[in-house]
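*Asks:* Build me a model from this:
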Amino acid sequence: MQKALKRIFDFVIALLAIIALAPLWIVIAIWIAATSPGGVFFRQRRTGYMGEEFDLLKFRSMYINHEADTKQASENDPRITPIGRFLRRSSLDELPQLYNVLRGDMSIIGPRPHMVAHTDYYTPRVKNYMRRHEMRPGLTGYAQVSGFRGATPTVDDMRRRVEADIYYVDHYSLWLDLKIFFLTIWKMLTLKL
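*Replies:* Next comes the predicted model:
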């Protein structure tokens, strides 16, 4: 029953957000196209539910580069465009993932999906890494609102994020989802993500 309610919540929120934010999408798309060469959107293979791969969609926040599918962005990464820095800080680059939610690849709340290359790298290095895929990946998650957002430069950083993800998997409830949802909105509005 909870899974069905979660899927209904995901679909309704994603659809309403896409409709309500359509003008913002247009502004962001024009801004990206006007300030750096390349497409407006960026697709990347990510590991999803039960280890299945899917194409994650984002607004492009970097210059076109050959490391996009293997190297995480860092704080002063020269690959990030000026608008990309703002989009990433405000999490607006993630808006196209609402389409992934509509498709069922993702949920609004769940462990953030990692690049396939990172799944391959961290699985043997972080205990229980694959357990995070027992839930559909999310736009935001318990790890993100608990301070584990962004780059994971060390295996220990990833281990802490995975522990938070597994906590979410083991303690999932609709109430926890609502708490994470509202904490994410608050952090976005105050640019604390």
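*Asks:* Nearest the geometric middle of this structure, what residue?
*Replies:* The residue lying closest to the centre of the chain (C-alpha atoms, centre = their mean) is residue 139, at 4.4 Å.
*Asks:* which residues touch residue 57?
*Replies:* Residues near residue 57 by C-beta atoms under 8 Å, 6 or more residues apart in numbering: 41-43, 96-97, 99-100. For the C-beta atoms, the positions are set from N, CA and C on the backbone; glycine is no exception.
*Asks:* which among these end up buried?
*Replies:* Buried subset of the contacts of residue 57 (neighbour count, 16 or more other C-beta atoms under 10 Å): 42, 96-97, 100.
*Asks:* The helix ranked longest in the chain: how far from the chain's middle?
*Replies:* Secondary structure of the chain per DSSP state H: the longest helix is helix 2-20. Put simply, helix 2-20 sits 16 Å off its chain's centre (C-alpha atoms, centre = their mean, to the nearest Å).
*Asks:* which parts of the helix or strand that it is followed by are buried?
*Replies:* For helix 2-20, the following helix or strand on the C-terminal side (DSSP states H and E) is helix 22-35. Buried residues in helix 22-35, counted by 16+ other C-beta under 10 Å: 25, 28-29, 31-32.
*Asks:* One more: stretch 143-153?
*Replies:* Residues of stretch 143-153 classed as buried by neighbour count (16+ other C-beta under 10 Å): 143-146, 148-149, 152.
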